[in-house]
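>>> next input, structure requested:
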Amino acid sequence: MKNTFTPNDTAFAGQIPDRDIMTRSLHLMRNSLVTADLLFAKTHYLPNLYEKLTRLNILAVTEQQYLGEQTERLIIDIESKTALLRQYVQPSATPIDAEELEDIDVQCQRLVNNATAVAQQLASALSGMTQGIDRQQTAEFGQSLQGDMANAGTRLDVLHTTLAKLNEERQVLSTAIDALESKGATSIAKDTLITADKVLSLGMQPPELAVIMLALEQMKATLEKGEAGINLIAMIKRRDGFRERINALSQQLAGMDKEKIALAQRIELIECFNDFDQQRAAYVEQYQKIKNTLDSFLVVNTTSASDGKQRSMRLINSGQQLIGYLNRIR
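The predicted model follows:
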């Protein structure tokens with residue numbers, strides 16, 4: 001789409017905004033904020049930025065509605081005022097007395113004043129919408145969170161590995177205890193030291209024998225200095241200790257999983273903030289063109305004129321151009 005609009009015999013050049021960009025940007029801003037609403041409700045992260053974007057979204061929607069309403073009013077105002085002015089500037093027009101001239105001047109000024117009020121409102125809206133977020137700051141936040149995510153992932157891997165090892169050792173020990181209790185409950189007291197010879201004397205099958213010997217080897221590796229050996233009581237106690245450690249580790253893993261999810265949600269929230277701000281900037285760029293065009297119209301019609309007819313002709317010509325411009329953007 002062309003960026004300028006310059007009909008023949010016009011007093012100023014208008015900058016045509018891309019209405020598709022404006023409509024799309026408002027839509028994407030709204031979508032980003034909907035997602036941000038959900039994520040913020042879960043994380044309560046960066047509340048000041050969230051509140052700022054909420055205000056910006058409300059401002060953009062409100063000003064879009066205002067722009068549509070004022071566009072219609074300006075078109076009607078220009079059409080009615082220029083119809084009156086044409087009667088004054090026509091060569092065949094009957095002479096106009098001083099009172100009528102004064103009324104024409106008042107009408108011209110009212111039109112300019114109305115356009116000025118709209119331009120001031122657009123300027124105020126632009127001032128608010130131009131103040132976006134500090135994307136460098138949000139990028140730094142995102143990088144920091146990504147680092148935290150990586151660290152959390154590493155810690156989770158270590159914990160999962162540890163948990164798997166504990167479960168494996170506990171399973172070996174439980175199987176060994178079950179085998180001993182089923183085969184040797186009557187021949188082995190719970191406080192009797194369990195040795196390889198004692199196990200062999202029970203007539204264990206090779207699979208059972210292998211798992212018992214593995215359990216004994218694992219326990220020997222953790223015997224404290226001075227301990228005489230391993231008995232069934234120690235094995236049961238160690239199995240119960242495994243259960244406690246596994247439960248504690250499982251709770252720790254659950255907490256870290258929640259922490260990782262929270263970090264991911266914070267990262268996604270920052271991405272929503274950045275997406276919103278990119279669309280805000282795109283919208284403002286197009287909105288600025290409308291403000292610039294209205295300013296150009298006002299510059300033309302606030303410049304001194306040699307007489308009332310010159311001022312009227314200028315307002316008629318520029319007014320028609322502005323009508324054409326406003327019809328294209330509404």
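>>> any idea how far the spatially most central residue of the chain is from residue 47?
Nearest residue to the geometric centre of the chain (Cα atoms, centre = their mean): residue 272, 1.5 Å. Here residue 272 is placed at a distance of 14 Å from residue 47 (Cβ to Cβ, to the nearest Å). From N, CA and C alone the C-beta is placed, and that goes for glycine too.
>>> then residue 63?
24 Å.
>>> which regions of the stretch 1-150 of the chain lie under the pLDDT threshold?
1-11, 92-97 (pLDDT under 70).
>>> please enumerate the helices of it.
19-43, 47-89, 98-130, 135-184 (DSSP state H, counting those that start in this stretch).
>>> so which of residue 63 and residue 47 has more stuff around it?
The residue with more neighbours, out of residue 63 and residue 47, is residue 63; 20 against 10, by other Cβ atoms under 10 Å.
>>> which one is that one nearest to, not counting chain neighbours?
Once flanking residues are discounted, residue 63 sits nearest to residue 125: 4.1 Å by Cβ to Cβ, 6 or more residues apart in numbering.
>>> give me the neighbour count for the nearest residue to the residue nearest to the centre of the chain once chain neighbours are set aside.
Spatial nearest neighbour of residue 272, excluding adjacent residues (Cβ to Cβ, 6+ apart): residue 36 at 4.2 Å. Look at residue 36: counted by other Cβ under 10 Å, it has 24 neighbours.
>>> against residue 54, how distant is residue 36?
8 Å.
>>> same check, this time on residue 207
66 Å.
>>> who's more crowded, those two?
Using other Cβ under 10 Å as the criterion, residue 207 and residue 54 rank with residue 54 on top: 15 against 10.
>>> pretty sure the more buried one is touching residue 30, no?
No: using Cβ atoms under 8 Å, residue 54 is not in contact with residue 30, being 11.2 Å away.
>>> rebuild the helices of the stretch 1-150 of the chain as a markdown table, extending it with distance to residue 316.
Listed next are these as a markdown table, based on distance: least, Cβ to Cβ, whole Å:
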| stretch | distance to residue 316 |
| --- | --- |
| helix 19-43 | 27 |
| helix 47-89 | 5 |
| helix 98-130 | 10 |
| helix 135-184 | 46 |
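>>> helix or strand for the closest residue to residue 166 other than its chain neighbours, which one?
Spatial nearest neighbour of residue 166, chain neighbours left out: residue 246 (5.3 Å); criterion: Cβ to Cβ, 6+ apart. Here residue 246 sits within helix 232-302, counting by DSSP states H and E.
>>> count the neighbours of residue 283 for me.
Taking other Cβ under 10 Å as the definition, residue 283 ends up with a neighbour count of 24.
>>> surely it meets residue 28?
No: the pair residue 283 / residue 28 is not scored as a contact, 9.3 Å apart, by Cβ under 8 Å.
>>> distance check, residue 219 against residue 120.
85 Å.
>>> er, residue 286 actually
Taken as Cβ to Cβ, the span from residue 286 to residue 120 is 19 Å.
>>> could you do residue 279 as well?
Here the distance between residue 279 and residue 120 works out to 25 Å (Cβ to Cβ).
>>> more neighbours: the two, which one.
Neighbours were counted for residue 279 and for residue 120 using other Cβ under 10 Å; residue 279 has more, 22 against 12.
>>> surely that one touches residue 32?
Yes: look at residue 279 against residue 32 with Cβ under 8 Å: they come within range, at 7.0 Å.
>>> the domain parsing of this structure - what is it?
Domain ranges of the chain: 4-144+285-329, 148-261, per automatic domain parsing.
>>> now the ones you listed in JSON lines, with distance to residue 268?
Listed next are these as JSON lines, based on distance: least, Cβ to Cβ, whole Å:
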{"stretch": "domain 4-144+285-329", "distance to residue 268": "6"}
{"stretch": "domain 148-261", "distance to residue 268": "10"}
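>>> just name the most buried of the ones you listed.
Highest mean neighbour count of those: domain 4-144+285-329, a mean of 16 (counted as mean count of other Cβ atoms under 10 Å).
>>> circling back to that earlier point, dump the C-alpha coordinates for the helix or strand just after the helix holding residue 246 into CSV.
Once helix 232-302 ends, the next helix or strand along the chain (criterion: DSSP H and E) is helix 308-329. Extracted in CSV, the C-alpha atoms of helix 308-329 (Å, rounded to 0.1, in the frame of the first residue of the first chain):
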residue,chain,number,x,y,z
GLY,A,308,-11.7,35.3,4.1
LYS,A,309,-12.1,33.9,0.6
GLN,A,310,-8.6,32.6,0.5
ARG,A,311,-9.0,31.0,3.9
SER,A,312,-12.4,29.5,2.8
MET,A,313,-11.0,28.1,-0.5
ARG,A,314,-8.1,26.6,1.4
LEU,A,315,-10.4,25.0,4.0
ILE,A,316,-12.7,23.7,1.2
ASN,A,317,-9.8,22.1,-0.8
SER,A,318,-8.0,20.7,2.2
GLY,A,319,-11.3,19.6,3.8
GLN,A,320,-12.2,17.6,0.7
GLN,A,321,-8.8,16.0,0.8
LEU,A,322,-9.2,15.1,4.4
ILE,A,323,-12.6,13.6,3.8
GLY,A,324,-11.1,11.4,1.1
TYR,A,325,-8.4,10.5,3.5
LEU,A,326,-10.7,9.7,6.4
ASN,A,327,-13.0,7.6,4.1
ARG,A,328,-10.0,5.5,3.2
ILE,A,329,-8.9,4.8,6.8
